[in-house]
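J.: next come a sequence and a model predicted from it.
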Amino acid sequence: MRAATFIWAVLLPLHMFAQDKTSRRPLAEHMPYSLKISPFALINPVQSSVTLHADIPLWPRWGLDAGVSGVYYSSIFSRYQGERFAGYKLMPTLKYYFQPFLMDHRYIGLMLKFSDIYNSRYYNTIRQGGQYEEWLLLKRRQLSGGFMLQFGGIDYLGKQKRWFLEPFLAFGVRWIYSRQGSLPPDVVRVRARGLFDFTLEEEVYSAPDGMMGIRVGRVLR
């Protein structure tokens with residue numbers, strides 16, 4: 001509740017600065033087609049990615065947000081030379097739009113999430129029954145799926161209303177399966193690189209999921 005109050009308190013002055021006499025207008029027959037990006041995803045330390053979304057109108061108050069993301073780096077899971085963290089994410093979202101209030105178009109949406117990530121990472125291991133220690137580059141594949149409830153609004157900018165900002169807040173749950181690559185038979189990992197480290201556990205586990213940010217987009221028609 002505090003997080004939701006905070007994001008709306010931050011965004012309200014932005015809306016008041018950007019709006020003019022024509023900003024409070026009734027909903028169109030259909031929401032417009034549009035393309036948008038998530039600039040903050042480029043500097044996300046957990047999963048740095050290039051994220052592209054397309055808004056596709058379905059019915060007068062319904063739309064589909066088709067989101068895809070290419071993950072290329074993680075400062076947490078790939079911080080040393082030779083390590084790798086890369087993959088892709090799919091984030092389709094079914095949206096329902098309300099009447100304008102604080103924003104030009106507010107909505108609630110159900111987002112389905114799927115990701116497929118490959119990670120190569122150095123771990124401290126013992127070899128040959130504990131005779132010596134060695135840092136090895138171990139590989140894993142992480143598959144993740146889940147759903148989120150998303151809240152947001154679209155605030156159009158300029159006289160032509162072609163550009164817009166879309167702040168959003170989402171929370172939900174995801175299920176993660178981390179599959180370990182093949183290891184030499186005598187290898188035993190002796191120390192994790194973080195306080196909580198499930199990266200080499202071959203099991204399915206659930207975890208809470210949350211997102212917040214601002215997307216920048218342009219109306220196509």
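T.: Everything's here; your move. Numbers count the residues shown, from 1 in each chain.
J.: note down every partner strand of the biggest strand by length in the chain and its orientation.
T.: Looking across the chain with DSSP state E, the single longest strand is strand 132-157. Using DSSP bridges, strand 132-157 pairs in its sheet with strand 105-127 (antiparallel), strand 163-180 (antiparallel).
J.: want to throw these into TSV with mean pLDDT and mean neighbour count?
T.: In this view, the C-beta of every residue, glycine as well, is placed from N, C-alpha and C. What follows is the strands paired with strand 132-157, written out as TSV (pLDDT from 0 to 100; neighbours: other C-beta atoms under 10 Å):
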stretch	mean pLDDT	mean neighbour count
strand 105-127	92	18
strand 163-180	93	18
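J.: can you get me a residue count around the closest residue to residue 163 other than its chain neighbours?
T.: Counting by C-beta to C-beta, 6 or more residues apart in numbering, residue 163 lies nearest to residue 157, which is 4.8 Å off, once chain neighbours are set aside. Around residue 157 sit 17 other residues, with neighbours defined as other C-beta atoms under 10 Å.
J.: distance of residue 157 from residue 84?
T.: Residue 157 sits 39 Å away from residue 84, taking C-beta to C-beta, to the nearest Å as the criterion.
J.: now swap in residue 122 and tell me
T.: When C-beta to C-beta is the yardstick, residue 122 and residue 84 sit 11 Å from each other.
J.: list the contacts of the closest residue to residue 168 other than its chain neighbours.
T.: Computed as C-beta to C-beta, 6+ apart, the closest residue to residue 168 that is not its neighbour in sequence is residue 152, at 3.4 Å. Contacts were defined as C-beta atoms under 8 Å, 6 or more residues apart in numbering; by that measure residue 152 touches 106, 107, 109, 166, 167, 168, 169.
J.: point out where this protein drops to low pLDDT.
T.: Applying pLDDT under 70 to the predicted model, the residue ranges of the chain that meet it are 1-30, 100-104, 191-202.
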